[in-house]
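Asks: need the 3D shape of this:
(chains A and B)
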Amino acid sequence: MVPLGRRLAVYDLSREHDPRAVQAFVQLAGQTVQLGGAALHLWDAAQRAGRGAADLAREWGLTDADADAGWAELQALGVVSELADTVDGRRAWAAAHTLHPLVLGLGEVADQPSAHHVGLPGRPLVQTTRAVRDVWAWGPLFGDLWTSVGWHAAGHAADGPPDPRAADPDLLLADVVATLPALLQTTAAYVDLALPAAGAA
Amino acid sequence: MTLLLRVGHAMGPFHPTVGAFARHDVVRVGWDTPKLVGEVQRVTWQLAVGHPTEELDPAVVEDLVARGLLVRVEETPEGRLAFARGHRVQPLGVGTLPTDDGGRVVGTWTSPVAELDPEAFDIWAWAHLFPDLDAAATGLSGASAIPGADPAAVLDRLVHRLPELLAAGVLYLDVPRDGVRPAP
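Replies: Got it, this is the predicted structure:
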């Protein structure tokens, strides 16, 4: 379960920090979507824990009924998407979404030349492969993630060895999807809907 | 007066081998990845978030401007428009809980990096949805906390606020997206 959109603001409307009283505004496909407290906590928990989101949200004070209502709200608003972690599932999901960086590239990990950090200055948040870092960084230039992955894989294939995973679009996409939880957890990236006209925008 | 602004999304240093000093820093500008070679270029690029100071080496500035890593913005309506038609913004960070006095905080949950007033917040939140800054000024005119219904006045405010937003690290400048992808 992948949360969609970029969080713009969060407001705690209670004096007792009741999670149900929180409201948030998320930007999705250029529009503002308002989330109630239960939906926000589940959306946020999904960023941190994927399928364990409901359990995490309960730890934050939501009841089972809150969680059910929150999921229903998220699905009705279209701010979560199901990603089936299979070749076809990943392709379909990537063709319907875009990936956007929210932090800086920090370059190569000092003692691992094929690994890169992304994060804040002096504060690495996520370690990725060079190929995944490129898909993350070039995200805003593409209308959908599958087109982006295909373009990057073709570039790696043209360069020849040494990274066969980067040159195969399905393997590269699998690596992007495997890194996605860390990117979302640390708010190093967000996922949005694909642009109406897929491809380069 | 002329503003000098850095362009591009920082990608960090490139080390040619394990343990070697960084050969250069990489920046993504549109489809390209121009390099900042050496400390002087890197620092010049990082410091370019407002009116240029005397410490900046004119030859280095000229080189970075020529390679699209820096842009000069003449603070006239024509200068702002020329800049705006050749550039766009991309936001960094997410919004978090506001401050007690109504400031809007942007960053990550663990590292809030900037407190924005409503005008700066609207630039951060919305300007990237337009293909360039000229279109952003038109689109945000009368529809945001940026005062004025005249796109030229809104562009004036937008350009005026860019240095602090760049310095705070909550957005970066890029070039408009090209409809034609280069060969990978």
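Asks: how confident was the prediction at the nearest residue to residue A:82 once chain neighbours are set aside?
Replies: Across the structure, with CB to CB, 6 or more residues apart in numbering or on different chains as the measure, the residue nearest residue A:82 apart from its sequence neighbours is residue A:1 (6.3 Å). In short, each C-beta sits where N, CA and C put it, glycine included. In this prediction, residue A:1 carries a pLDDT score of 87.
Asks: now do residue A:51
Replies: At residue A:51, the model reports a pLDDT of 69.
Asks: next SSE after the lowest-mean-pLDDT helix or strand in chain A?
Replies: Between all helices and strands in chain A, the lowest mean by mean pLDDT, DSSP states H and E belongs to helix A:53-59, at a mean of 83. Read in the C-terminal direction, the helix or strand following helix A:53-59 is helix A:64-77, with elements assigned using DSSP states H and E.
Asks: helices or strands next to the top helix by length along chain B in the packing?
Replies: Here the longest helix in chain B is taken by residue count, with DSSP state H as the criterion, and it is helix B:151-168. Packed against helix B:151-168, as judged by 3 or more CB pairs under 8 Å, 6 or more residues apart in numbering or on different chains; DSSP states H and E, are the following elements: strand B:2-6, strand B:49-50, helix B:77-85, strand B:112-116, helix B:118-126, helix B:133-140, strand B:171-174.
Asks: next, format the ones you listed as JSON lines and append distance to chain A, mean neighbour count and mean pLDDT.
Replies: Listed next are these as JSON lines, based on distance: least, CB to the nearest CB, whole Å; neighbours: other CB atoms under 10 Å in any protein chain shown; pLDDT from 0 to 100:
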{"stretch": "strand B:2-6", "distance to chain A": "12", "mean neighbour count": "19", "mean pLDDT": "97"}
{"stretch": "strand B:49-50", "distance to chain A": "14", "mean neighbour count": "16", "mean pLDDT": "94"}
{"stretch": "helix B:77-85", "distance to chain A": "17", "mean neighbour count": "17", "mean pLDDT": "97"}
{"stretch": "strand B:112-116", "distance to chain A": "7", "mean neighbour count": "18", "mean pLDDT": "88"}
{"stretch": "helix B:118-126", "distance to chain A": "5", "mean neighbour count": "22", "mean pLDDT": "95"}
{"stretch": "helix B:133-140", "distance to chain A": "10", "mean neighbour count": "22", "mean pLDDT": "97"}
{"stretch": "strand B:171-174", "distance to chain A": "7", "mean neighbour count": "22", "mean pLDDT": "97"}
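Asks: which secondary structure element contains the residue of chain A found nearest chain B?
Replies: Nearest to chain B, among the residues of chain A, is residue A:107, at 2.6 Å (CB to the nearest CB). Following DSSP H and E, one finds residue A:107 within strand A:104-109.
Asks: what's that strand in contact with?
Replies: The set of residues external to strand A:104-109 that reach it, using CB atoms under 8 Å, 6 or more residues apart in numbering or on different chains, is A:114-121, A:124, A:127, A:130, A:133, A:137, B:9-15, B:22, B:25-26, B:28, B:92, B:169.
Asks: tell me the strands beside that strand, with direction?
Replies: Taking DSSP bridges as the criterion, strand A:104-109 sits next to strand A:112-120 (antiparallel) in its sheet.
Asks: tell me where chain A has helices.
Replies: Ranges of helices in chain A, per DSSP H, are A:37-49, A:53-59, A:64-77, A:87-95, A:130-137, A:145-159, A:164-167, A:169-185.
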